[in-house]
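Trainee: after the sequence you'll find the predicted model.
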Amino acid sequence: MKLYLKKSFVLILLIAGINAISAQGLPPFQRQSTHNNIGWYGYFGDHKISKKWGIHTEYQWRRDNFISTWQQSLARVGVNYKLGDKVMFTLGYGFIETYTYGSPPLARVNNQGKEQSFPEHRIYQDLLFNNDMGGFEISHRLRMEQRWLGNYYDANNDRIKTDWRYLNRFRYRFRIAHSFKGKTIDPKEFYVHAYDEIFVGFGKNVGINTFDQNRINIGLGYKINAQSKVEIGYFNQIVEQPRVDFNKNPVFEYNNGFLVALFYNLDFTKKSGPKK
């Protein structure tokens with residue numbers, strides 16, 4: 001058990017290290033970078049409608065300068081299917097709007113000086129494996145994404161709605177959590193959690209960013225009851241942008257801040273009403 005947990009922590013550190021090396025793959029004089037302070041606020045819900053089927057709902061309010069300006073708006077819905085006690089498959093759809101944020105060369109401003117944003121339609125498939133051992137909640141999530149990114153605004157700030165760029169992306173997330181009390185995370189208990197997630201682009205339109213991004217989150221959680229919990233923690237994100245600056249140099253984005261998440265799951269299979 002101890003050896004397994006040590007390997008799990010080593011895996012997080014190894015993935016983070018590989019991603020840091022990937023982000024440093026170009027000489028400093030060729031690599032442009034931007035640094036932002038971000039705050040991500042999210043709601044996540046997996047709602048049971050039968051023994052095996054469920055519905056996923058999610059919204060993330062992603063902000064730059066911690067909270068003052070937009071970074072992204074992200075909404076997801078999906079259908080869950082339990083393949084076993086510890087394995088779940090999800091098929092879903094997401095709509096994302098990415099706004100201008102950060103400083104040049106990252107900021108998207110058209111010739112008239114107007115800020116630009118762009119939409120994204122996304123189909124995704126998840127495989128989630130849970131493996132709780134010795135007081136640790138451990139999960140592995142594999143995600144495939146098919147993404148359609150809309151064009152930027154043109155010089156007149158008018159959307160070109162008929163032109164979309166298609167991208168494929170694979171994501172792997174390793175997550176671990178541990179209660180401050182006992183071997184399970186029970187209602188009205190605090191716990192610590194951490195995860196690392198790597199993003200890899202592939203396909204003919206991937207361009208320069210095969211390494212897409214990496215995210216690390218470390219924080220504190222509180223389980224309110226059997227259906228809900230809240231988490232807050234430090235968040236680090238490294239992104240290799242698919243575009244380049246005005247000198248055609250790759251742009252790396254380094255974001256640091258915090259993540260606040262509310263998880264609330266409903267069970268529609270339970271009958272309500274007074275007991276007879």
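Mentor: The structure has been received and is ready for your questions.
Trainee: what about residue 149, neighbour count?
Mentor: 19 (other CB atoms under 10 Å). For every residue, glycine as well, the C-beta is placed using N, CA and C.
Trainee: same check on residue 216?
Mentor: Counted with other CB under 10 Å, residue 216 comes out at 18.
Trainee: now swap in residue 67 and tell me
Mentor: 12.
Trainee: so who does the closest residue to it other than its chain neighbours touch?
Mentor: Spatial nearest neighbour of residue 67, chain neighbours left out: residue 39 (5.0 Å); criterion: CB to CB, 6 or more residues apart in numbering. Residue 39 makes contact with 62, 63, 66, 67, 257, 258, 259, 260, according to CB atoms under 8 Å, 6 or more residues apart in numbering.
Trainee: try 7 Å
Mentor: If a contact means CB atoms under 7 Å, 6 or more residues apart in numbering, then residue 39 has 63, 66, 67, 257, 258 as its contacts.
Trainee: quick check: the gap between the second one and residue 219.
Mentor: Separation of residue 66 from residue 219 (CB to CB, to the nearest Å) stands at 16 Å.
Trainee: and the last one, by the same measure?
Mentor: If you measure residue 258 against residue 219 using CB to CB, the figure is 8 Å.
Trainee: one step back: which of residue 66 and residue 219 has more neighbours?
Mentor: More neighbours surround residue 219 than the other of residue 66 and residue 219, with 19 against 13 (other CB under 10 Å).
Trainee: beyond the one helix or strand that one maps to, next helix or strand please.
Mentor: Per DSSP states H and E: residue 219 is located in strand 211-223. Counting by DSSP H and E, the element after strand 211-223 in chain order, helix or strand, is strand 228-244.
Trainee: list the contacts of the regular element (helix or strand) spanning residue 90.
Mentor: Counting by DSSP H and E, the element that carries residue 90 is strand 87-98. With contact meaning CB under 7 Å, 6+ apart, strand 87-98 is reached by 56, 72-83, 117-129.
Trainee: the same query, at a cut-off of 6 Å, please.
Mentor: Residues outside strand 87-98 that contact it (CB atoms under 6 Å, 6 or more residues apart in numbering) are 56, 72-83, 117-120, 122-129.
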